[in-house]
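>>> give me coordinates for this.
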Amino acid sequence: MYILRNMKTAISVKVDKEVKERAQEVAASAGITLSALVNSYLTQVAASRRIEIYAPEQMTPKLEKLIEEVEKERSAGQASKSFDRVEEFIADLKR
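Predicted structure coming up:
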């Protein structure tokens, strides 16, 4: 008995057009095709038996407003200064 290696099969996956285009750009910037990128990821999943998915949080209007407020405070010098050591931070808190 022998095992056939490199036997290819096709899969069909529906994704948003924009997601596909952006993923193709990422793959191209690495010098590979989208097919090679997907194949590499599936190979990694099969080998590690782990699925790692990163989905960045979408900015909400509330979060955008909070960030804007923090940036204004930092620009105005109203934010906390930087510390290199925890002891410096605690000493500053006690003042």
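>>> quick one: secondary structure of the residue nearest to the spatial centre of the chain?
By Cα atoms, centre = their mean, the chain has its centre lying nearest to Y54, at 5.3 Å. With DSSP: H, G, I helix; E, B strand; the rest coil as the basis, Y54 sits in coil.
>>> check which helix or strand covers R22.
Assigned by DSSP states H and E, R22 belongs to helix 17-29.
>>> cool, R50 as well?
For R50, there is no enclosing helix or strand under DSSP H and E.
>>> residues in contact with the helix holding R22: which ones?
The contact list for helix 17-29 (Cβ atoms under 8 Å, 6 or more residues apart in numbering) reads V15, T33, L34, A36, L37. In short, each C-beta sits where N, CA and C put it, glycine included.
>>> check the secondary structure at the first one for me.
At V15 the chain is in coil, as set by three-state DSSP.
>>> okay, now the nearest residue to it once chain neighbours are set aside: neighbour count?
Leaving aside its sequence neighbours, V15 sits nearest to A23 (Cβ to Cβ, 6 or more residues apart in numbering; 7.8 Å). Counted with other Cβ atoms under 10 Å, residues neighbouring A23 total 14.
>>> so how far is E52 from A23?
Distance, A23 to E52, by Cβ to Cβ, to the nearest Å: 16 Å.
>>> residue ranges for the helices of the protein, please.
Secondary structure of the chain by DSSP state H: the helices cover 17-29, 34-48, 61-75, 86-94.
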